[in-house]
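Asker: below are the sequence and a predicted model for it; my questions follow.
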Amino acid sequence: MERHNSCLNTLAIIEYVRRYHGRPEDLLEGLKEDLRGFPDPLAFLSDPNNWVSADVCRKMFLNARRVTGDDQVAYKIGFESVAHKRLGYIQRILLMALGSPRMTINRIESINEKFNRNKKIDVVSIEKGRTRIRLHWDPNLSLSPDFCAFNRGIYSAIPTVWGLPAAKVEEAQCQFKGASCCEFEVRFEEPSIYHRLRLFLSNRFNLLTETLLELERDKHLLEQKYSEVQNLNRRLQQRVDQLLSIQQASGAILSELNYTKLFPTVLDLFIKAIDYSRGMIMLVDEEEGVLRYVHGVGADPHTMKLLRGYEIPLTRHENILARVAVSGRPVVAQDARRYGLNPNNIVIHNFNPESFVLLPLTAQGKVIGILAADRSSSAPPVSTPGEEFLSGFANQVALAIENVRMYHELKDGFLSSIQALASAVEAKDPYTRGHSERVARFSVQLAKRIGLPAREIDYLHSMCLLHDIGKIGIDRQLLNKKGPIQPSELEIIRRHPLIGEMIVKPLKLSQDEAAIVRNHHERFDGLGYPDGLKGEDIPKAVRVASLCDAFDAMVSDRSYRKALLMEDALPELIQGAGTQFDPELVAQFSEMIEQGELEFWPEIEEAFRPGQSPRRDFMESRSP
């Protein structure tokens with residue numbers, strides 16, 4: 001909550017309503033969200049040491065008008081907060097110490113800043129018995145005319161602190177009625193020297209006594225609050241670290257759909273949260289009937305490498321890991337020696353755990369694996385992690401793993417369906433039959449040659465199989481037209497990358513994957529479509545696919561031309577280097593062909609026999 005108003009203001013509202021109407025709880029209507037997290041909102045709003053937002057005060061003034069049925073209640077609350085000495089002892093000291101209303105008003109700006117941050121005050125003029133004050137309310141805050149009325153009541157009551165009649169306050173202009181500020185003219189009676197002296201002598205003892213009592217009450221209140229805060233901090237710090245790790249694990253569920261990144265992320269979070277040394281995940285293979293190690297963190301790479309391929313038959317009940325996976329019951333051991341673990345076991349022999357935690361990973365009512373963590377005998381002791389946290393974290397990890405598994409199953413199924421559809425559509429067209437498969441094959445070979453990462457090569461292959469899926473949405477007669485293509489028809493054909501992107505959208509592909517479908521007709525010189533990407537702005541995998549797509553189109557028969565021979569196709573590629581194609585990729589691809597490293601499919605091998613054929617301009621706009 002923002003801090004615009006001292007709770008002296010809300011305390012004045014609460015006390016007024018309690019004094020005359022008896023139910024201050026009615027002032028809380030509409031404040032549930034503002035005061036969320038406070039077990040006793042009225043106690044919070046009645047503590048002068050607290051602060052609230054301007055919006056909370058606005059709503060409380062509105063509720064006070066509703067409860068009392070009095071449109072002038074804000075003025076009366078302000079007046080009584082001073083006249084009945086409802087203001088805090090610090091304000092009383094300030095007012096009494098200044099000696100007179102005129103001296104108080106002369107310091108009103110500095111007094112205001114200590115208790116309100118919703119306005120600036122200018123004392124325009126001040127003379128004996130009269131002053132003019134301007135209030136400049138912050139236009140960025142949620143305020144109402146009640147704030148103005150509340151302040152008029154305060155200024156009117158200030159002289160009563162010295163036993164004088166209330167001041168007369170006239171509002172010359174009002175910011176809430178369109179003026180640039182609220183301007184008050186305040187007329188008041190000045191106390192005589194004799195009056196001041198008598199007032200000082202009669203009130204000094206009472207003022208001192210009240211002040212000391214309030215100071216003592218505040219002292220005890222602060223001590224109590226400080227003690228409570230210390231205890232809460234100690235308890236909350238442990239919970240914060242643990243809940244943060246669960247939150248981060250939950251974030252991994254939403255953001256990470258790759259096992260190789262998910263496992264180290266959740267394991268690092270887990271061992272950090274419980275202050276253990278190492279962690280590992282083992283998953284159940286139902287077909288093989290084994291519990292298999294999949295990933296671990298916390299030890300040196302050589303030691304972790306020893307666990308690769310480690311698996312335990314689920315029927316081996318003497319193994320504690322298998323027992324947890326079969327029973328679904330966690331084990332938290334502060335002293336590993338009490339469990340009689342086999343010293344020859346690969347985990348026990350290499351890691352020598354002093355204490356360990358074994359948690360079943362349960363998803364959809366069945367155990368899919370275990371989450372384990374341990375500490376070595378050389379590590380200092382720590383407190384046992386809470387059962388609630390351990391259970392909650394294990395549930396998050398299980399959900400994350402199951403989420404990734406289901407995602408890949410759905411993605412693979414949908415991908416297979418679309419690929420099958422694309423192949424079926426291509427099979428009906430003698431000119432494009434097998435085109436996507438050949439583009440995928442060429443792209444993978446080129447990608448391996450230039451050293452693209454394995455993950456990029458994997459999705460490059462999948463996306464090349466789908467790169468022309470958008471042609472499903474283009475009239476087949478238009479795609480196979482033998483005559484000249486009109487500009488309007490070319491615009492229709494050029495929509496197929498965008499149509500393709502919409503078709504594969506349910507796959508939730510990464511931006512790089514979707515780019516192969518959307519941008520495989522971009523040109524290196526920026527004259528391609530649909531986005532006009534240029535040079536390095538085109539992802540490398542897309543540039544690979546684009547080159548291989550064009551190459552296969554060259555050496556395949558199309559409705560508007562016959563296939564090119566090698567001695568025609570290769571120069572066409574080289575001619576397009578730097579304009580249509582990435583020149584470095586052209587050089588690499590050309591070398592693959594010249595060195596006999598490109599693997600061709602049988603149906604296009606005839607295209608590379610020796611011979612002559614007419615040159616054709618592959619750069620012509622006819623090829624979509």
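Answerer: Perfect, thanks for sending it. Please read these numbers as outputs of a predicted model, since none were measured by experiment.
Asker: could you use CA atoms for every contact and neighbour count after this?
Answerer: OK.
Asker: now the strands for the stretch 1-150 of the chain?
Answerer: Ranges of strands in the stretch 1-150 of the chain, per DSSP state E, counting those that start in this stretch, are 5-6, 51-52, 119-127, 130-137.
Asker: out of those strands, deepest packed?
Answerer: Most buried of the strands of the stretch 1-150 of the chain, by mean neighbour count (mean count of other Cα atoms under 10 Å): strand 5-6, with a mean of 22.
Asker: for Cys181, which of the strands of the stretch 1-150 of the chain is the nearest?
Answerer: strand 130-137 (4.9 Å; Cα to Cα).
Asker: which strands or helices does that closest one pack on?
Answerer: Strand 130-137 sits against strand 119-127, strand 182-187, with contacts defined as 3 or more Cα pairs under 8 Å, 6 or more residues apart in numbering; DSSP states H and E.
Asker: quick revisit: any chance of the strands of the stretch 1-150 of the chain in JSON lines, plus mean pLDDT?
Answerer: Output for the strands of the stretch 1-150 of the chain, formatted as JSON lines (pLDDT from 0 to 100):
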{"stretch": "strand 5-6", "mean pLDDT": "84"}
{"stretch": "strand 51-52", "mean pLDDT": "89"}
{"stretch": "strand 119-127", "mean pLDDT": "88"}
{"stretch": "strand 130-137", "mean pLDDT": "91"}
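Asker: for Glu80, find the nearest of the ones you listed.
Answerer: Of all the strands of the stretch 1-150 of the chain, strand 5-6 comes closest under Cα to Cα, at 16.9 Å.
Asker: what's around Tyr293, how many residues?
Answerer: Residues lying near Tyr293 (other Cα atoms under 10 Å) number 19.
Asker: contacting residues around the closest residue to it other than its chain neighbours?
Answerer: Residue nearest to Tyr293 in three dimensions, not counting chain neighbours: Met282, with 4.2 Å by Cα to Cα, 6 or more residues apart in numbering. Residues counted as contacts of Met282 (Cα atoms under 8 Å, 6 or more residues apart in numbering) are 291-295, 369-371.
Asker: hang on, the earlier thing: so which of the helices and strands packed on strand 130-137 gets nearest Val331?
Answerer: strand 119-127 (60.9 Å).
Asker: run the chain-centre distance for the host helix or strand of Val266.
Answerer: For Val266, the element it lies in under DSSP states H and E is helix 259-274. Relative to its chain's centre, helix 259-274 lies at 19 Å (Cα atoms, centre = their mean, to the nearest Å).
Asker: check which residues of it are buried.
Answerer: For helix 259-274, a neighbour-count test (16 or more other Cα atoms under 10 Å) marks 262-274 as buried.
Asker: just stretch 563-576 next, same as before
Answerer: So for stretch 563-576, counting by 16+ other Cα under 10 Å, buried means 563-570, 572-576.
Asker: please apply the same query to stretch 469-476.
Answerer: 469-472.
Asker: got the contact list for that stretch?
Answerer: 418, 422, 425, 492-493, 495-501, 503.
Asker: now it: mean pLDDT?
Answerer: For stretch 469-476, mean pLDDT rounds to 84.
Asker: need the contacts of Met282 in CSV with pLDDT, can you?
Answerer: CSV is the format used below for the contacts of Met282 (pLDDT from 0 to 100):
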residue, pLDDT
Leu291, 94
Arg292, 94
Tyr293, 93
Val294, 91
His295, 91
Gly369, 94
Ile370, 93
Leu371, 93
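Asker: would you turn the residues you listed into CSV with distance to Glu584?
Answerer: Shown next, in CSV, are the contacts of Met282 (distance: Cα to Cα, whole Å):
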residue, distance to Glu584
Leu291, 48
Arg292, 44
Tyr293, 43
Val294, 39
His295, 39
Gly369, 47
Ile370, 48
Leu371, 47
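Asker: give me the buried subset of those residues.
Answerer: 291-295, 369-371.
Asker: now, among those, which is nearest to Arg134?
Answerer: Nearest member of the buried ones among the contacts of Met282 to Arg134, counting by Cα to Cα, is Leu371, at 67.1 Å.
Asker: ok so that closest one is a strand residue?
Answerer: Yes: the assignment for Leu371 is a strand, going by DSSP: H, G, I helix; E, B strand; the rest coil.
Asker: verify the contact between it and Thr362 for me.
Answerer: No: if you go by Cα atoms under 8 Å, Leu371 and Thr362 don't touch, sitting 10.4 Å apart.
Asker: anything in contact with each of these two?
Answerer: Ala394.
Asker: CA atoms of stretch 337-350 as CSV?
Answerer: Output of stretch 337-350 as CSV, limited to C-alpha atoms (Å, rounded to 0.1, in the frame of the first residue of the first chain):
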residue,chain,number,x,y,z
ARG,A,337,23.7,-45.4,9.1
ARG,A,338,20.5,-46.4,10.7
TYR,A,339,19.1,-47.8,7.5
GLY,A,340,21.7,-50.5,6.9
LEU,A,341,22.5,-49.4,3.3
ASN,A,342,24.6,-51.6,1.1
PRO,A,343,28.1,-50.1,1.1
ASN,A,344,28.8,-51.7,-2.3
ASN,A,345,25.9,-49.9,-3.9
ILE,A,346,27.1,-47.4,-6.6
VAL,A,347,25.4,-44.5,-4.9
ILE,A,348,26.5,-45.3,-1.4
HIS,A,349,30.0,-46.2,-2.4
ASN,A,350,30.6,-43.0,-4.4
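Asker: that one - what's its average pLDDT?
Answerer: pLDDT averaged over stretch 337-350 gives 86.
Asker: what does stretch 154-169 give?
Answerer: 86.
Asker: now do the buried residues in that stretch.
Answerer: For stretch 154-169, by 16+ other Cα under 10 Å, it's 154-162, 164, 166-169.
Asker: just give me the closest of the contacts of Met282 to His136.
Answerer: Once Cα to Cα is applied, the member of the contacts of Met282 that ends up nearest His136 is Leu371, at 61.4 Å.
Asker: against Gly386, how distant is that closest one?
Answerer: Taking Cα to Cα, to the nearest Å as the measure, Leu371 falls 15 Å from Gly386.
Asker: cool, and Arg455?
Answerer: 39 Å.
Asker: who's more crowded, those two?
Answerer: Per other Cα under 10 Å, whichever of Arg455 and Gly386 has more neighbours is Gly386, with 13 against 8.
Asker: model confidence for that one, exactly?
Answerer: Note for Gly386: predicted pLDDT of 70.
Asker: same thing with the one 5 residues further on?
Answerer: Reading off the per-residue confidence, Ser391 sits at a pLDDT of 83.
Asker: what about it, which SS state?
Answerer: Quick answer, by three-state DSSP: Ser391 is helix.
Asker: what sits against it?
Answerer: With Cα under 8 Å, 6+ apart, Ser391 has these contacts: Leu359.
Asker: so how far is stretch 267-277 off the chain centroid?
Answerer: Relative to its parent chain, stretch 267-277 has a centroid offset of 23 Å by Cα atoms, centre = their mean.
Asker: got the CA positions of that stretch in CSV?
Answerer: Taking Å, rounded to 0.1, in the frame of the first residue of the first chain, the C-alpha atoms of stretch 267-277 are listed here in CSV:
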residue,chain,number,x,y,z
LEU,A,267,17.3,-30.0,-8.7
ASP,A,268,19.4,-26.9,-8.0
LEU,A,269,16.3,-25.2,-6.5
PHE,A,270,15.6,-28.2,-4.3
ILE,A,271,19.0,-28.8,-2.8
LYS,A,272,19.5,-25.0,-2.2
ALA,A,273,16.1,-24.8,-0.4
ILE,A,274,16.8,-27.6,2.0
ASP,A,275,20.6,-26.9,2.3
TYR,A,276,21.6,-30.3,1.0
SER,A,277,24.7,-31.1,-1.1
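Asker: so, low pLDDT: which residues of the stretch 251-400 of the chain?
Answerer: 251-258, 377-385 (pLDDT under 70).
Asker: which residues in it form strands?
Answerer: 278-285, 290-297, 311-313, 331-333, 353-363, 366-376.
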